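**Q** got a structure for you, letters missing:
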């Protein structure tokens, strides 16, 4: 009888332990939905998911873990829709393609991924890598082998010959073979389709095109259109067959108009968009991902002698400062906006700067936070992240104080939970 009773006690203890919850006490809760901030709330996490959101501070039961943020603000984990986790701009970066092997790039990305997560960004889109390192990084994070955010990656971005993402730009003749769709360079609709299928074969989650010139590439123009309509239409049609969304790097107006007409899902940077472009985006529901921080960063660094090659420096000085103003006009016009920074062009872990620039340009702090939570999740096309609601993944961040009164507090995230696991507290 005694053995039987002891067995029952052990079973009961194990059962209760399995049901233990994590209780996050929030002095202020911003849940990412259309709701305003809520006061004195408890978020209940069981495993990887949110199982309840309650008014007041729930009393803990035996085995429950309490995370007390009654003096702070609790929010959904942030989502950065434009990162490059496999690189980071610095003086001398332009020679790294000649000096770094795939292993170097991959190990760098592990370091940058952890910095990003600990800054409060539990999910990112990676929009252009080398050696497919971001795909391997995503898989390693998903397998629990390395620490980092949830990653949706485009792998190698796709350009036309001499375009912004052509990896041979600036290299002497004979140093590289002519790049093919496998290396991210496609000319004509047939190669455009092949490039999409190559990305699918590689394991990419989405497609990234560089439809205009860019700031940091070793090419003269920062805004000329670089894809023809038949090429863009071929990319979008092929991507649709494989269930992949298409986003485009674009600074110049004509490239944006072509991309929107072809059916892409988001515009990155958008520096020279005007009313015509904004109206086209609104008509088709195309998102704008501003990357103001990248613009500010390259403009600052363009003032440093020798930081950029001479072909890059005037583009960085001219284009960089314009993005914040473009963002302000797009927000006032009612264009859909999802948070994105272009981290890697500046230092990883400083993604929070985008919030500050967005608020400076006229976006209310609560709207800026929603752009990095619910709006970003909507652009990704996922429904299990982006808000703090029952059934969603337990991606949670917090700061001490009220970021709706001082948006700079988002530079000091002091709680990071991803899939119910505490990475910073």
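**A** That came through, no problem. Since we're looking at a predicted model, the values are computed, not measured.

**Q** touching, residue 85 and residue 114? I think so.
**A** No: using CB atoms under 8 Å, residue 85 makes no contact with residue 114, being 10.1 Å away. (Each C-beta comes from the backbone N, C-alpha and C, glycine too.)

**Q** overlap of the contact sets of those two?
**A** Shared contacts of residue 85 and residue 114 (CB atoms under 8 Å, 6 or more residues apart in numbering): residue 148.

**Q** neighbour count: the two, which is higher?
**A** Comparing residue 85 with residue 114 by neighbour count (other CB atoms under 10 Å), the higher total belongs to residue 85, at 31 against 18.

**Q** and that one, what helix or strand is that in?
**A** Secondary structure from DSSP states H and E places residue 85 outside every helix and strand.

**Q** how about the contacts made by it?
**A** 109, 112-113, 116, 124, 126, 129, 134, 137, 148, 151, 343-344, 348.

**Q** before we move on, what about residue 386?
**A** For residue 386, the contacting residues are 32, 76, 79, 373, 374, 375, 376, 377, 378, 392, by CB under 8 Å, 6+ apart.

**Q** in PyMOL, how would I select just the buried ones from these?
**A** Selection of buried members from those for PyMOL, criterion 16 or more other CB atoms under 10 Å:
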select buried, resi 32+76+79+373+374+375+376+377+392
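
**Q** which two of the contacts of residue 386 have the greatest separation?
**A** Using CB to CB, these reach their maximum pairwise distance at 375 and 392, which is 15.2 Å.

**Q** mind checking how far the closest residue to residue 256 other than its chain neighbours is from residue 264?
**A** With CB to CB, 6 or more residues apart in numbering as the criterion, residue 256 has its nearest non-adjacent residue at 4.6 Å, and that residue is residue 250. Between residue 250 and residue 264 the computed distance is 9 Å (CB to CB, to the nearest Å).

**Q** the two: who's more crowded?
**A** Each of residue 250 and residue 264 has its neighbours counted (other CB under 10 Å); residue 250 has more, 34 against 26.

**Q** wait, that one sits on residue 267?
**A** Yes: here residue 250 reaches residue 267: they are 5.4 Å apart, a contact under CB under 8 Å.

**Q** identify the contacts common to these two.
**A** Both residue 250 and residue 267 are in contact with 256, 259, where contact means CB under 8 Å, 6+ apart.

**Q** how much space between residue 264 and residue 380?
**A** Here residue 264 is placed at a distance of 15 Å from residue 380 (CB to CB).

**Q** equivalent analysis for residue 216, please.
**A** To residue 380, residue 216 is 25 Å away according to CB to CB.

**Q** so what are the domain limits for the chain?
**A** Following automatic domain parsing, the chain resolves into domains at 2-76+387-424, 78-380.

**Q** list the buried residues for stretch 354-362?
**A** By neighbour count, and taking 16+ other CB under 10 Å as the criterion, the buried residues in stretch 354-362 are 354, 355, 356, 357, 358, 359, 361.

**Q** wait, stretch 205-213
**A** For stretch 205-213, the neighbour count (16+ other CB under 10 Å) marks 205, 206, 207, 208, 209, 210, 211, 212, 213 as buried.
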